[in-house]
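In: the sequence isn't on hand, but the structure is:
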């Protein structure tokens, strides 16, 4: 159930963000959509921490911290979101309750954010190939969000991970 709720809020974030940054950019409704997306992402960040904490509580806490800083940062949130996605990808890859492919896609999403959307490489953000970054980032984040929403996680494997973490 936790995984599906996480997927729902993540898809709410994705839809609000896409609308706010593209067709609704600069409009009142676009600004409202971005506020909803930001609030949804804060919920997602907390839920992902709870969901992935059994894999590695320290890395899950770091990922959550980078997510919160990314939400709070008006300047270069993509830098923090990129690091968060890489960390989430690591956690998903090492979990026993989510497909490793989703972890790899999340690492690629994080790298795309760092390369194309953060201020680390401004020439890439304004280049013709920047659309590749949107595609790679979207593929990773949307794939994980949809997986969580539609399939959830193996409850048995998730509980077993909790037991191992407690020992």
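Out: All right, it came through fine. In this text the structure is predicted, and so the values were computed from the model without any measurement.

In: residues making contact with the lowest-mean-pLDDT helix or strand in the chain?
Out: Taking mean pLDDT, DSSP states H and E as the measure, the helix or strand of the chain with the lowest value is helix 122-125, at a mean of 79. Contacts to helix 122-125, defined as Cβ atoms under 8 Å, 6 or more residues apart in numbering, come from residues 115, 116, 117, 118, 130, 133. Bear in mind the C-beta positions are built from the backbone N, C-alpha and C, glycine included.

In: switch the cut-off to 7 Å
Out: 115, 116, 117, 130 (Cβ atoms under 7 Å, 6 or more residues apart in numbering).

In: and what of stretch 13-20?
Out: 30, 31, 33, 34, 36, 37, 40, 41, 44, 141, 142, 145.

In: now secondary structure too, for those residues, in a markdown table please.
Out: A markdown table is the format used below for those (DSSP: H, G, I helix; E, B strand; the rest coil):
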| residue | secondary structure |
| --- | --- |
| 30 | helix |
| 31 | helix |
| 33 | helix |
| 34 | helix |
| 36 | helix |
| 37 | helix |
| 40 | helix |
| 41 | helix |
| 44 | helix |
| 141 | helix |
| 142 | helix |
| 145 | helix |
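
In: list buried residues within these.
Out: Buried by 16 or more other Cβ atoms under 10 Å: 30, 33, 34, 36, 37, 40, 41, 44, 141, 142, 145, out of those.

In: let me have those in JSON lines, extended by distance to residue 73.
Out: Output for the buried ones among the contacts of stretch 13-20, formatted as JSON lines (distance: Cβ to Cβ, whole Å):
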{"residue": "30", "distance to residue 73": "20"}
{"residue": "33", "distance to residue 73": "19"}
{"residue": "34", "distance to residue 73": "14"}
{"residue": "36", "distance to residue 73": "18"}
{"residue": "37", "distance to residue 73": "15"}
{"residue": "40", "distance to residue 73": "17"}
{"residue": "41", "distance to residue 73": "12"}
{"residue": "44", "distance to residue 73": "17"}
{"residue": "141", "distance to residue 73": "18"}
{"residue": "142", "distance to residue 73": "23"}
{"residue": "145", "distance to residue 73": "22"}
